[in-house]
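**Student:** what shape does this take:
(chains A and B)
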There are 2 protein chains.
Amino acid sequence: MRMSTLFARTLRDAPADAEASSHKLLVRAAMVRQLMSGIYTFLPLGLRVLRRIERIIREEMDASGVQELRMPIVLPVEPWRETGRLEAYGELMFKLRDRHERELALGPTQEEIVTPLVASELGSYRDLPINLYQIEWKYRDEYRPRYGLLRAREFLMKDAYSFDRDEEGLRASYDTMVEAYDRVFRRCALDFRVAEADPGTIGGDVNHEFLALTDAGEDEFLYCENGDYAADVEAATSKRPPPAGSGDLEPVQEISTPGRSSIQAVCELLERPANELLKTMLYDASGTSVAVLVPGDAEVNEEKVARAMWPSTVRPFTEEDFSTRGFVKGFVGPQGLPGDVTIIADHAIAARRNWVAGANRTGFHASGVNEGRDFRVERWEDVVRVSEGMACPECGGRLRLARATVVGHTYQLGTRYSVPLKGTFVDEDGTEQPYVMGSYGIGLPRVMAAVAEQYSDEAGLKWPKALAPFAAVIVITNRDDERAVAEAERIYAELTDRGVETVLDDREASAGVKFADADLIGYPVQIVVGKRGVAAGTVDLKLRATGERSESPLAEASEAAARLLEKAP
Amino acid sequence: MRMSTLFARTLRDAPADAEASSHKLLVRAAMVRQLMSGIYTFLPLGLRVLRRIERIIREEMDASGVQELRMPIVLPVEPWRETGRLEAYGELMFKLRDRHERELALGPTQEEIVTPLVASELGSYRDLPINLYQIEWKYRDEYRPRYGLLRAREFLMKDAYSFDRDEEGLRASYDTMVEAYDRVFRRCALDFRVAEADPGTIGGDVNHEFLALTDAGEDEFLYCENGDYAADVEAATSKRPPPAGSGDLEPVQEISTPGRSSIQAVCELLERPANELLKTMLYDASGTSVAVLVPGDAEVNEEKVARAMWPSTVRPFTEEDFSTRGFVKGFVGPQGLPGDVTIIADHAIAARRNWVAGANRTGFHASGVNEGRDFRVERWEDVVRVSEGMACPECGGRLRLARATVVGHTYQLGTRYSVPLKGTFVDEDGTEQPYVMGSYGIGLPRVMAAVAEQYSDEAGLKWPKALAPFAAVIVITNRDDERAVAEAERIYAELTDRGVETVLDDREASAGVKFADADLIGYPVQIVVGKRGVAAGTVDLKLRATGERSESPLAEASEAAARLLEKAP
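**Tutor:** Purely as a prediction, here's the structure:
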């Protein structure tokens, strides 16, 4: 491709509203342009990157026995009503009406479409397992689209759906997909982790996120310094401390703590560490009061509480709840709560005796509060928000917090969709059974943005060769020098013959502009053909990834460039 | 691919509402499934065909210097308002609102998006010409979607847009695209014609349709038996007859024709042929009355009248128009019409003298009516609907009528979009000029359906090898015969090694079912591995296109199948 004709005008400045470095660079390097909030045009260079990601995914899906189909983008809303997701997604789904006033939606994912399709095509256990995928644009009407391609309203997604007879089959299908995802992200040269995750609106039980490590990522996750555990902050758990066992129980004693309604203030007054205090948080779960108990140095993870109380809807107590239901805000303790309050305690509460808790009286706390004697726990759950420094649930090692971008997500859905959508098959014993399903997504523009975050510097992008729009650029520093132009053309023809996709920067522009664009666009290999070099019989080469420069005899330039490309990541 | 795992359940019966044979076969052969009216899922077999068409188009576009990008599907409506197409498309455009109540639309084509994009990226004549394309799903909310993939509401389209400095540049870009289209449709093995066409809502001047000849096509077109002319019925023109020259002009005489208000009735009464009668049709063009004159044996082509009167909106006179404006319905003639009536005559009116026309008096016609003496023509235009048997405008040969499916359409748009959208560049002389644009579309599912129409019989599809989902099928007639199964597996492995994409029909089904499916799905080559053949050391081969059967030694089966494939269309 000749740069003089390529539709790729680079920009010196990033858009004023760009926050993520990937967004700034992808716009500046003429990869994408915003058409409107959260909706992007992919220019030729950006589309080439996207297509390379698409090809890698397609190859790995095909190699894993997943079959490609293509479902529509414009969908009927009825099946979404049946699964409850029309309501769960709410305004996040783009909805429209056709000329006959039929309600339609733009697909955010397609469980509701693929399940009835499979049900109408396959009826017997003999037809299972089956795993289907597509690579198609998806739609979510984000309230505030941001970070460029990371939180867009229109985005290309690979979505796959597996259908099995039973849980065992699902686990096998799931493992196959997790392995395929591992290969996909490795081939994309991403630095990533697989983490246990919260299922969100998709539902189901076991699920994992594939997280690309990026400083500017939207998501936080925890990982063990020993490498045996990772989970996003919503799902992370920590090693359960051993129970305290029996021992001396102090008597309950009221302590005056006037005006000390925060954990920190009580700690200071009593000169006791926060982990000796018991924190009691109150929630409303579809009308009933729920007290959640965690150690004073921990935070409640409300996603975990919501999952524990599902299908009730959970929200924190309001000021009004405290007053109308008779709780003393800032001084609540689990002892002597009304009988209709559900008490959920984190496992850590069992690891200590003689807690300091609120005394359920303004200005007072109580010491010597003990589970069993002074209060009863109805449910022991993991409800703590895990934070940096806590113990790994696998090995007890130290957990670390990092930022990341979710590039893939896999779900063991079970029968979450097949039951409401009546997706059933006749099993070997003649009974009708719901499919046991899995669902598997990869956000292609997110992969592109995450790679851009990981492979870039202040000068621009540094594409790994598997995704680079072109592998090499030949810069002609001076178009007036006929010999340099002729040599550049020869090298261009040779590289093209070798199958190295190359851009020839033949523009009437200064060498400085061309060097800056080469760095910005991020071709793995740069070949500079200049007047002085040609006179001396050499060209200059640069490996963009490392900045390493070298020289090659003019006659061997294409050979040298191809060798250098092999060294590129 | 093993048929036992392929997601492809064939159907014995076509959907009840399927009209076109392509629709019936594509559904029966498990290529597509309707999700709702005019919206289809492409199953794995159908998607493979679609992707092959896509690859052919991409290769030919890339080879023609057209650059691929990808514009969004969800679009802002504002630029559509500026070009007037929001109104022109009306309900044909799917419209929606986002959560912030912004008006959006699903793109039917993308002139309104690509023009501002190019304008914001390229500013100088030096950047031109540029030609950009994408292959993406498009949306039209057809009032009555029908014929399966032929008139769908969601369809995959290759749309390209060229930007030139001037008309000469446009013509060069246009010719390049027409040649590329010719190669695309040849590679798809389509029997097609290039025809002059009506521009419809796109606008612009010169434009051509690429018509696949199909009995069930939605469109009619005329072509010369000598092969030098083709045009759709809206745009077709015929050889202009020589003017009558001067000669004896008979006097105007009133003839009593009571109750004879039709051409046929007058012809019968007067015993004169229809081509001696002058037909006067009345239209309203944005408030003014227009009389259109054509010979009695011809029909008015209202699209041509509309183009002649553009930008006025043209509609036929209503009963009310006749009475309020004082015209005698059934007896109108051009002589003595009020001065505010615009008279448009077809060129054929100049080819004859002494017309019989209505006398503008109920129950009377007039003979000896002559242009110039008895009435004046304000505009000579081509306004006749050309029909079979008329003379070719190129050579005078006989025109024939045929049915077809439009698979591609190319437009010389000129400045139709660049002017309202302010798509301008700075020309060499420093003046700001609007781009001179072209636009070029191919409907991929239409190509698929047209090929299915052209390559099929009562048993099923007969894909040309360039588009076939798989090149060959190996039918194991009896899975219980271990030797036959082993030989089939060997042939399958050999064909796969040769790069021949093959399906192994290893299902537990009768040989009859497998043969029927092989014919229905339409693999170019069938290889039958049966017990008796294997015992005799042979396999049976069938070329689906011709039904030609042959036998091959078992050991040479893959070689023989590959040779047979070369003979396939």
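
**Student:** for chain A, which residue gets nearest to chain B?
**Tutor:** For chain A, the residue closest to chain B is A:Leu96, as judged by Cβ to the nearest Cβ, at 3.7 Å. Every residue, glycine included, has its C-beta placed from N, CA and C.

**Student:** who does that residue form a beta bridge with?
**Tutor:** Under DSSP bridges, the beta-bridge partners of A:Leu96 are A:Leu104, B:Leu96.

**Student:** that one: neighbouring residues, count only.
**Tutor:** A:Leu96: 19 surrounding residues under other Cβ atoms under 10 Å in any protein chain shown.

**Student:** just the strands in the stretch 401-550 of chain A please.
**Tutor:** A:424-426, A:432-434, A:436-443, A:456-457, A:460-461, A:472-476, A:502-505, A:525-529, A:538-543, A:549-553 (DSSP state E, counting those that start in this stretch).

**Student:** can you list these in JSON lines and add mean pLDDT and distance to A:Glu91?
**Tutor:** JSON lines is the format used below for these (pLDDT from 0 to 100; distance: least, Cβ to Cβ, whole Å):
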{"stretch": "strand A:424-426", "mean pLDDT": "97", "distance to A:Glu91": "32"}
{"stretch": "strand A:432-434", "mean pLDDT": "97", "distance to A:Glu91": "30"}
{"stretch": "strand A:436-443", "mean pLDDT": "98", "distance to A:Glu91": "20"}
{"stretch": "strand A:456-457", "mean pLDDT": "96", "distance to A:Glu91": "34"}
{"stretch": "strand A:460-461", "mean pLDDT": "98", "distance to A:Glu91": "35"}
{"stretch": "strand A:472-476", "mean pLDDT": "97", "distance to A:Glu91": "45"}
{"stretch": "strand A:502-505", "mean pLDDT": "98", "distance to A:Glu91": "43"}
{"stretch": "strand A:525-529", "mean pLDDT": "98", "distance to A:Glu91": "47"}
{"stretch": "strand A:538-543", "mean pLDDT": "98", "distance to A:Glu91": "48"}
{"stretch": "strand A:549-553", "mean pLDDT": "97", "distance to A:Glu91": "53"}
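
**Student:** now do the SS call for the closest residue to A:Asp517 other than its chain neighbours.
**Tutor:** Nearest in space to A:Asp517, with sequence neighbours left out and distances taken as Cβ to Cβ, 6 or more residues apart in numbering or on different chains, is A:Thr10 at 5.2 Å. On the three-state scheme (DSSP: H, G, I helix; E, B strand; the rest coil), A:Thr10 is labelled coil.

**Student:** list the buried residues for the helix-or-strand element of chain A with minimal mean pLDDT?
**Tutor:** Using mean pLDDT, DSSP states H and E, helix A:302-309 stands out as the lowest-scoring helix or strand of chain A, at a mean of 88. Along helix A:302-309, the positions that meet the burial threshold by neighbour count (16 or more other Cβ atoms under 10 Å in any protein chain shown) are A:Glu302, A:Glu303, A:Lys304, A:Val305, A:Ala306, A:Arg307, A:Ala308, A:Met309.

**Student:** which members of these additionally contact chain B?
**Tutor:** Near chain B, judged by Cβ under 8 Å from any Cβ of the partner chain, there are no entries from the buried residues of helix A:302-309.

**Student:** was I right about A:Gly217 contacting A:Val407?
**Tutor:** No: here A:Gly217 lies out of contact with A:Val407, judged by Cβ atoms under 8 Å, at a distance of 9.9 Å.

**Student:** count the neighbours of A:Glu566 for me.
**Tutor:** When neighbours are defined as other Cβ under 10 Å, A:Glu566 has 8 of them.

**Student:** what's the host helix or strand of it packed up against?
**Tutor:** Here A:Glu566, judged by DSSP states H and E, is contained in helix A:557-567. Contacts defined by 3 or more Cβ pairs under 8 Å, 6 or more residues apart in numbering or on different chains; DSSP states H and E place helix A:557-567 against helix A:482-497, strand A:525-529, strand A:538-543, strand A:549-553.

**Student:** can you tell me which of those is most buried?
**Tutor:** Sort these by mean neighbour count, taking mean count of other Cβ atoms under 10 Å in any protein chain shown, and strand A:525-529 sits at the top with a mean of 27.

**Student:** strands paired with that strand, and their directions?
**Tutor:** Strand A:525-529 has these strand partners (DSSP bridges): strand A:472-476 (parallel), strand A:538-543 (antiparallel).

**Student:** got any ranges where chain A has weak pLDDT?
**Tutor:** A:199-204 (pLDDT under 70).

**Student:** contacting residues for the residue nearest to the spatial centre of it?
**Tutor:** Closest residue to the average C-alpha location of chain A: A:Val406 at 1.5 Å, with Cα atoms, centre = their mean. Residues near A:Val406 by Cβ atoms under 8 Å, 6 or more residues apart in numbering or on different chains: A:Glu209, A:Phe210, A:Leu211, A:Ala212, A:Glu218, A:Asp219, A:Asp232, A:Gly443, A:Arg446.

**Student:** repeat that for A:Arg171.
**Tutor:** A:Gln412.

**Student:** related to what we said a few turns ago, tell me which of A:Gly217 and A:Val407 has more neighbours.
**Tutor:** Shown here are A:Gly217 and A:Val407; by other Cβ under 10 Å, A:Val407 has more neighbours (30 against 22).

**Student:** list the contacts for the more buried one?
**Tutor:** A:Val407 makes contact with A:Phe185, A:Leu190, A:Phe192, A:Phe210, A:Leu211, A:Ala212, A:Ile442, A:Gly443, A:Arg446, A:Val447, A:Ala450 under the criterion Cβ under 8 Å, 6+ apart.

**Student:** list only those of the contacts of A:Val406 flagged as buried.
**Tutor:** Buried members of the contacts of A:Val406, scored by 16+ other Cβ under 10 Å, are A:Glu209, A:Phe210, A:Leu211, A:Ala212, A:Asp219, A:Asp232, A:Gly443, A:Arg446.

**Student:** and the gap between the first one and B:Val332?
**Tutor:** In this view, A:Glu209 and B:Val332 are 77 Å apart by Cβ to Cβ, to the nearest Å.

**Student:** again with the second one
**Tutor:** Distance of A:Phe210 to B:Val332, given as Cβ to Cβ: 76 Å.

**Student:** ok, the fourth one next?
**Tutor:** When distances are taken as Cβ to Cβ, A:Ala212 and B:Val332 turn out to be 76 Å apart.

**Student:** go on, the third one?
**Tutor:** With distances defined as Cβ to Cβ, the gap from A:Leu211 to B:Val332 amounts to 79 Å.

**Student:** same deal with the last one?
**Tutor:** As defined by Cβ to Cβ, A:Arg446 lies at a distance of 69 Å from B:Val332.

**Student:** so who does A:Leu43 touch?
**Tutor:** If you count contacts by Cβ under 8 Å, 6+ apart, then A:Leu43 has A:Phe7, A:Ala8, A:Ala30, A:Met31, A:Val32, A:Arg33, B:Leu69 around it.

**Student:** what about these, which one has the most neighbours?
**Tutor:** Neighbour counts for these (other Cβ under 10 Å) peak at A:Met31, which has 30 neighbours.

**Student:** leaving aside the residues adjacent along the chain, what's closest to that residue?
**Tutor:** In this structure, A:Met31 finds its nearest non-sequential neighbour in A:Gly46, 3.2 Å apart by Cβ to Cβ, 6+ apart.

**Student:** can you count the residues close to the one you found?
**Tutor:** If you count neighbours by other Cβ under 10 Å, A:Gly46 ends up with 25.
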